[in-house]
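>>> kindly return the folded structure for what I paste below:
(one chain, ligands or ions: 1)
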Amino acid sequence: MVACVEIRAAGKTYSSARGPVVALADVSMDVAEGEFFSLLGPSGCGKSTLLKCIAGLEGTSTGAIRVRGQGLAGPPKGLGMVFQRDVLLDWRTILENVLITAEFQGLPKAEMTVRARALLERFGLGAFQDRHPWELSGGMRQRASICRALLCEPEILLMDEPFGALDAMTRDDLNVELTRIWQSARRTVVFVTHSIAEAVFLSDRVAMMSPGPGRIVEIVPIDLPRPRLLSIRETPEFARHVAHIRGLFAALGIVKE
Ligand SMILES: Nc1ncnc2c1ncn2[C@@H]1O[C@H](COP(=O)(O)OP(=O)(O)OP(=O)(O)O)[C@@H](O)[C@H]1O
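Sure thing, here's the model as predicted:
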């Protein structure tokens, strides 16, 4: 396995008005090149903190994180990020929002516009590229955020509960679209979720985290065949993975039996 992300004994303590908050303690793991890797755990277990540390948006308090062999002194090159809530700018059209990262990087506008239009088409937003974010549904806005993150063909895509605020049907749709995109481009993805089924459906491996302070309790390989369609969720193999993870969380007192 060629490691894309290497995390060694990473800890993170925030200082707050009420004193120090230990968000992560002694986290060690690797994410392989081209792997779809999920961080799964209950609210407050440090998933977002770990993702922000990988993104170079937060420094670790102890230990080290390397991305493609390099230590972090800020966001590494070739990184795309999708957040829990879309961060689209209301005064720009959907197309202009998708083009923001290309503008920041000074990439050729005509070429990037062609690519942005193709991405929007692929995500079912072809007819909405000249609309503004406030004219779109939550699912459409999150689709646009994913297009923006993918536009510059990031080598690593970090996704922080991107579908958490969406209804179940839209979430299912986007799960399938994301696996399709991932399958065709094979970028490294680190995906944060608190849904066991979503993690099992999407991932090659799932890191289970527990709170107080945030730790990795187990990394579970998901050997389900690809491409994965939603119908895989009705198979006994899928149910076995979900039951295994749920059982481990139950043993830790994180979910009820
Ligand atoms: N900037 C901050 N200052 C102080 N404490 C923080 C800060 N950010 C996060 N925390 C604390 O660190 C812990 C982990 O938070 P984090 O957001 O990483 O968890 P999470 O697993 O992503 O939660 P959720 O699923 O609810 O988004 C929590 O106790 C949280 O209150």
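
>>> next, the residue of the stretch 151-257 of the chain found nearest the ligand: phi, psi?
Proximity of the stretch 151-257 of the chain to the ligand (Cβ to the nearest ligand atom) peaks at His194, 5.5 Å away. (Glycine included, C-beta is placed from N, CA and C.) Backbone dihedrals for His194, given as degrees, to the nearest 10, come out at phi -110, psi 10.

>>> can you tell me how far it is from Asp172?
Per Cβ to Cβ, to the nearest Å, His194 is found 16 Å from Asp172.

>>> dump whichever helix or strand Val192 is part of to PDB, keeping only the CA atoms.
If you go by DSSP states H and E, Val192 is part of strand 188-193. Below are the C-alpha coordinates for strand 188-193, written out as PDB (Å, rounded to 0.1, in the frame of the first residue of the first chain):
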ATOM      1  CA  THR A 188      -8.000   9.600  -2.600                       C
ATOM      2  CA  VAL A 189     -11.100  10.500  -0.600                       C
ATOM      3  CA  VAL A 190     -11.400  11.000   3.100                       C
ATOM      4  CA  PHE A 191     -15.000  11.200   4.000                       C
ATOM      5  CA  VAL A 192     -16.600  12.100   7.300                       C
ATOM      6  CA  THR A 193     -20.000  10.600   8.300                       C
END
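
>>> can I assume Leu120 sits in a strand?
No. Going by DSSP: H, G, I helix; E, B strand; the rest coil, the assignment for Leu120 is helix, not a strand.

>>> quick one: residues contacting it.
Contact analysis of Leu120 by Cβ atoms under 8 Å, 6 or more residues apart in numbering lists 94-95, 98, 126, 128-129, 144, 147.

>>> same check on Val82?
Taking Cβ under 8 Å, 6+ apart, we find Val82 in contact with 142, 145-146, 149, 157-160, 162.

>>> among the residues you listed, list the two that are farthest apart in space.
Gln142 and Leu158 (14.9 Å; Cβ to Cβ).

>>> helices of this protein, residue ranges please.
According to DSSP state H, the chain carries its helices in the segments 47-54, 94-98, 100-104, 109-122, 138-150, 168-185, 196-202, 236-251.

>>> show me what the strand holding Val192 is packed up against.
strand 3-16, strand 19-32, strand 36-40, helix 47-54, strand 156-160, helix 196-202 (3 or more Cβ pairs under 8 Å, 6 or more residues apart in numbering; DSSP states H and E).

>>> list of residues touching the last one?
In this structure, residues lying in contact with helix 196-202 by Cβ under 8 Å, 6+ apart are 36, 38, 40, 163, 171, 175, 178-179, 182, 191, 193, 206, 222, 224, 228, 230, 232-233, 238, 241-242, 245-246, 249.

>>> buried subset of these, written for ChimeraX?
Applying 16 or more other Cβ atoms under 10 Å to the contacts of helix 196-202 leaves a buried subset, and the ChimeraX line that selects it is:
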select :36,38,40,163,171,175,178,179,182,191,193,206,222,224,228,233,238,241,242,245,246,249
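
>>> picking up where we left off before, the helices of the chain into CSV, with extra columns for mean pLDDT and distance to the ligand?
Listed next are those as CSV, based on pLDDT from 0 to 100; distance: least, Cβ to the nearest ligand atom, whole Å:
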stretch, mean pLDDT, distance to the ligand
helix 47-54, 96, 3
helix 94-98, 97, 24
helix 100-104, 89, 24
helix 109-122, 95, 27
helix 138-150, 91, 16
helix 168-185, 89, 16
helix 196-202, 97, 13
helix 236-251, 96, 14
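
>>> identify whichever of these lies nearest to Gln70.
Here helix 47-54 is closest among these (Cβ to Cβ), at 12.3 Å.

>>> how about Ala32: what's its closest non-neighbour residue?
Met1 (4.4 Å; Cβ to Cβ, 6 or more residues apart in numbering).

>>> what about Gly126, neighbour count?
Gly126 has 12 neighbouring residues, counting by other Cβ atoms under 10 Å.
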